[in-house]
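Peer 1: predicted model and sequence below, questions to follow.
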Amino acid sequence: MGTQDNFFELGGHSLLATQVISRIRGTFKQEISLRSLFGKPTVAEWAATIEQAQREGQGLEVPPIVSVARDGKLPLSFAQQRLWFLDQLEPGSSFYNVSSVIELNGVLNIDAMGRALTEIVRRHEVLRTTFADVNGEPQQIIAPAAPFHLPVIDLSHITDEERQAEVKRLISEEAELPFDLMRGPLLRLTLLRISAEKHIALLTMHHIVSDGWSIGILVREVGALYTAYRAGRPSPLEELPIQYADFAHWERQWLQGDALERQLSYWRQQLDGAPTTLELPSAKPRPAVQTFRAGHQMLELNREATDGLKALGRQTGVTLFMSLLAAFDVLLYRYGGQTDLLIGTPIANRNRLETEALIGFFINTLVLRIDLSGDPTFIEVLQRVREVSLGAYAHQDMPFEKLVEELQPDRSQTHSPLFQVMFVLQNIQVDALELPGLSLGFSQEADRTAKFDLLLTMWETDDGMSGFFKYNMDIFDDSTIEKMIMHLQTLIENLLADPHQNLSNSSFLTGNETMGLSSADFPESGLSQKDFESLILQLNSSVK
């Protein structure tokens with residue numbers, strides 16, 4: 001990257017920008033806002049910003065995370081406490097299991113794998129942590145390091161048909177087997193021996209000790225340790241300066257008083273008067289008590305549309321995440337007519353250098369409130385999404401669980417608080433697991449629960465974008481989501497064709513649905529494209 005190159009035009013995004021800020025903080029002892037990096041996205045401009053901050057003596061706003069004594073009480077992080085509380089309400093639930101299946105082809109050194117896992121559990125205290133109720137308060141209890149037990153189930157002696165059925169049964173059984181937060185362990189790995197040169201590893205962790213970023217750390221460290229132990233070498237990994245318990249203690253100490261109030265005041269203002277639900281047309285009435293039965297449907301966005309979103313983003317100073325979210329917002333608006341939208345999105349929350357190498361539950365949830373009133377153009381929507389996103393990123397230290405506790409929104413058994421629709425762009429890099437003598441295939445088991453009404457997850461591929469809708473099957477029919485996928489693809493194409501058009505003129509129905517017609521074919525009606533397509537939807541519904 002040259003000093004005058006634009007960070008975002010080279011592929012930078014909000015997560016990478018957050019890591020840049022962490023390194024600036026560590027090297028120069030200065031706080032630089034994410035908004036300033038977006039506004040001045042070159043190294044030369046960053047340098048000038050840092051020098052100005054040094055001249056003004058701004059320094060660090062937040063204390064560093066340091067190691068604390070292990071002989072006293074170790075509190076849970078705010079996020080952990082929420083999961084602990086839910087586990088108390090419904091013990092024995094597998095709702096927060098995080099399961100993965102890894103296929104290993106080649107000669108596996110089981111002893112080296114066991115040693116690698118033993119070392120990882122030793123390195124990361126959170127993987128040998130359990131949670132106890134001490135005088136009415138949950139506390140972290142860290143067990144001494146011990147050898148990791150790696151069970152092996154031999155399936156090589158049965159027929160192929162029996163083996164396939166048994167593997168499927170064991171994968172499902174493992175994913176649904178609950179953890180005991182009081183007794184642990186909260187990490188399980190079982191090897192299925194298919195043949196002498198093929199094994200399947202079933203990996204499951206409880207969310208209270210892990211997140212998506214943690215999977216990437218685990219993959220990298222298994223690769224480094226297995227390679228070293230197989231060759232008879234010692235561990236190549238450096239000791240960790242802090243542990244998750246240190247982060248939890250730091251969070252509790254820092255996020256109070258003025259620091260808490262600064263975060264809270266932003267969110268109070270941002271969410272003041274927000275609607276409690278986002279209602280979308282569905283084939284079923286919302287159940288009286290929220291259910292979690294999930295359906296999944298895949299979607300694709302071609303390379304042309306993906307490149308178009310990126311190009312428009314470069315012109316307008318927004319990331320791919322913001323562009324996709326803006327298009328999704330427009331679709332939701334066109335579906336329900338609601339101009340005040342609250343969308344949830346996860347954020348890695350690894351905005352401090354000390355936490356980047358830790359396994360643990362850091363991920364946070366942000367609530368993005370998007371205003372689509374006034375019939376804006378798509379360009380204007382992009383700018384609104386950009387401003388809301390940057391504001392939320394600047395206040396991401398407020399744990400969602402703490403936010404709900406402080407704001408005390410009206411609670412209902414019918415839906416989740418603050419938002420019911422979530423959007424995710426997967427841009428956390430999980431390195432390919434490379435082990436000597438082995439080829440591996442890594443897949444995360446599909447979560448069988450729908451924690452929200454609707455979830456759209458996307459990631460970039462060589463051919464464009466891939467993703468899936470996960471939806472509550474007691475609210476949406478499969479056919480409704482099938483149409484939603486087609487409508488999103490059509491809408492993005494039309495928005496890119498003319499991003500300066502007002503939303504009322506944007507089209508999301510396919511040619512088959514409108515019989516190739518548009519509002520322009522009926523000028524005497526005075527209908528906007530939005531009203532025309534709403535009429536078409538009503539007619540289609542009436543015909544059914």
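Peer 2: In hand now; what should we look at? Values in this document were obtained by computation on a predicted structure and should not be read as measured data.
Peer 1: list the helices and strands the host helix or strand of Ser172 packs on?
Peer 2: Taking DSSP states H and E as the criterion, Ser172 maps to helix 160-176. Using 3 or more C-beta pairs under 8 Å, 6 or more residues apart in numbering; DSSP states H and E as the contact test, the elements touching helix 160-176 are strand 97-106, strand 187-195, strand 198-206. The C-beta positions use only the backbone N, C-alpha and C, and glycine is treated the same way.
Peer 1: so which residue is smack in the middle of this structure?
Peer 2: Pro346 (4.1 Å; C-alpha atoms, centre = their mean).
Peer 1: tell me which strands the helix or strand where that residue lies pairs with, and in which orientation.
Peer 2: Pro346 is located in strand 340-347, with elements delineated by DSSP H and E. Strand 340-347 pairs in its sheet with strand 364-371 (antiparallel), strand 421-425 (parallel), by DSSP bridges.
Peer 1: how does the chain divide up, domain by domain?
Peer 2: Listed by automatic domain parsing, the domain ranges of the chain are 1-61, 78-246, 261-280+302-352+360-427+448-503, 509-544.
Peer 1: please tabulate these in a markdown table, including the columns distance to Leu435 and mean pLDDT.
Peer 2: A markdown table is the format used below for those (distance: least, C-beta to C-beta, whole Å; pLDDT from 0 to 100):
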| stretch | distance to Leu435 | mean pLDDT |
| --- | --- | --- |
| domain 1-61 | 27 | 89 |
| domain 78-246 | 5 | 95 |
| domain 261-280+302-352+360-427+448-503 | 24 | 94 |
| domain 509-544 | 46 | 70 |
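Peer 1: okay, those domains in JSON lines with distance to Val289 next?
Peer 2: Formatted as JSON lines, these follow (distance: least, C-beta to C-beta, whole Å):
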{"stretch": "domain 1-61", "distance to Val289": "36"}
{"stretch": "domain 78-246", "distance to Val289": "14"}
{"stretch": "domain 261-280+302-352+360-427+448-503", "distance to Val289": "5"}
{"stretch": "domain 509-544", "distance to Val289": "27"}
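Peer 1: wait, Leu309 touches Phe321, no?
Peer 2: No: look at Leu309 against Phe321 with C-beta atoms under 8 Å: they stay out of range, at 10.2 Å.
Peer 1: neighbour count: these two, which is higher?
Peer 2: Leu309 (25 against 20; other C-beta atoms under 10 Å).
Peer 1: quick check: closest non-adjacent residue to the more buried one.
Peer 2: Excluding the flanking residues, the one nearest Leu309 by C-beta to C-beta, 6 or more residues apart in numbering is Ser323, at 4.3 Å.
Peer 1: part of a helix, is the one you found?
Peer 2: Yes: judged by DSSP: H, G, I helix; E, B strand; the rest coil, Ser323 forms part of a helix.
Peer 1: ok, it - contacts?
Peer 2: Going by C-beta atoms under 8 Å, 6 or more residues apart in numbering, Ser323 touches 309-310, 312-313, 382.
Peer 1: if we go to 7 Å?
Peer 2: Shown in contact with Ser323 (C-beta atoms under 7 Å, 6 or more residues apart in numbering): 309, 312-313, 382.
Peer 1: and these, which two are furthest apart?
Peer 2: For those, with distances taken as C-beta to C-beta, the pair at the greatest spread is Leu309 and Leu382 (9.9 Å).
Peer 1: show me where this protein has its strands.
Peer 2: 97-106, 129-134, 137-142, 152-154, 187-195, 198-206, 294-302, 340-347, 364-371, 421-425, 438-444, 454-461, 464-472 (DSSP state E).
Peer 1: tell me which of those strands sits nearest to Ala48.
Peer 2: Nearest of the strands of the chain (C-beta to C-beta): strand 340-347, 27.9 Å.
Peer 1: quick one: that closest one to strand 454-461, angle?
Peer 2: 50 degrees (axes from the mean of the first three to the mean of the last three C-alpha atoms, to 10 degrees).
Peer 1: distance from the chain centre to strand 340-347, please.
Peer 2: 12 Å (C-alpha atoms, centre = their mean, to the nearest Å).
Peer 1: show me which residues of that strand are buried.
Peer 2: For strand 340-347, a neighbour-count test (16 or more other C-beta atoms under 10 Å) marks 341-347 as buried.
Peer 1: again, but for stretch 258-270
Peer 2: Those would be 259, 263-264, 267, 270, for stretch 258-270 by 16+ other C-beta under 10 Å.
Peer 1: could you export these as CSV, including distance to Leu390?
Peer 2: Below are the buried residues of stretch 258-270 laid out as CSV (distance: C-beta to C-beta, whole Å):
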residue, distance to Leu390
Ala259, 20
Gln263, 15
Leu264, 18
Trp267, 15
Gln270, 12
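Peer 1: just the ones in helices from these, please.
Peer 2: The members of the buried residues of stretch 258-270 that map onto helices under DSSP state H are 259, 263-264, 267, 270.
Peer 1: where's Gln408 relative to Lys402, distance?
Peer 2: 12 Å (C-beta to C-beta, to the nearest Å).
Peer 1: same question for Ile171.
Peer 2: Taken as C-beta to C-beta, the span from Ile171 to Lys402 is 36 Å.
Peer 1: can you check Ile363 too?
Peer 2: Ile363 is 14 Å from Lys402, by C-beta to C-beta.
Peer 1: more crowded one of the two?
Peer 2: Comparing Ile363 with Lys402 by other C-beta under 10 Å, the one with more neighbours is Lys402, at 22 against 19.
Peer 1: contact partners for the residue lying closest to the more buried one once chain neighbours are set aside?
Peer 2: Spatial nearest neighbour of Lys402, chain neighbours left out: Phe78 (4.7 Å); criterion: C-beta to C-beta, 6+ apart. Counting by C-beta under 7 Å, 6+ apart, Phe78 touches 251, 399, 401-402.
Peer 1: before we move on, back to that, residues in contact with the helix holding Ser172: which ones?
Peer 2: 94, 97, 99, 101, 155, 158, 190, 192, 194, 200, 202, 204, 445.
Peer 1: filter the residues you listed to the buried ones?
Peer 2: 94, 97, 99, 101, 155, 190, 192, 194, 200, 202, 204, 445.
Peer 1: any idea how far the second one is from Leu455?
Peer 2: With the distance defined as C-beta to C-beta, Asn97 ends up 17 Å from Leu455.
Peer 1: ditto for the fifth one
Peer 2: Between Leu155 and Leu455 the computed distance is 34 Å (C-beta to C-beta).
Peer 1: could you do the third one as well?
Peer 2: Remark: distance between Ser99 and Leu455 (C-beta to C-beta) = 17 Å.
Peer 1: can you check the fourth one too?
Peer 2: Val101 sits 21 Å away from Leu455, going by C-beta to C-beta.
Peer 1: can you check Ile110 too?
Peer 2: From Ile110 to Leu455 the distance is 37 Å (C-beta to C-beta).
Peer 1: look at the two and report which has more neighbours.
Peer 2: The residue with more neighbours, out of Ile110 and Leu455, is Leu455; 21 against 12, by other C-beta under 10 Å.
Peer 1: great, nothing more from me.
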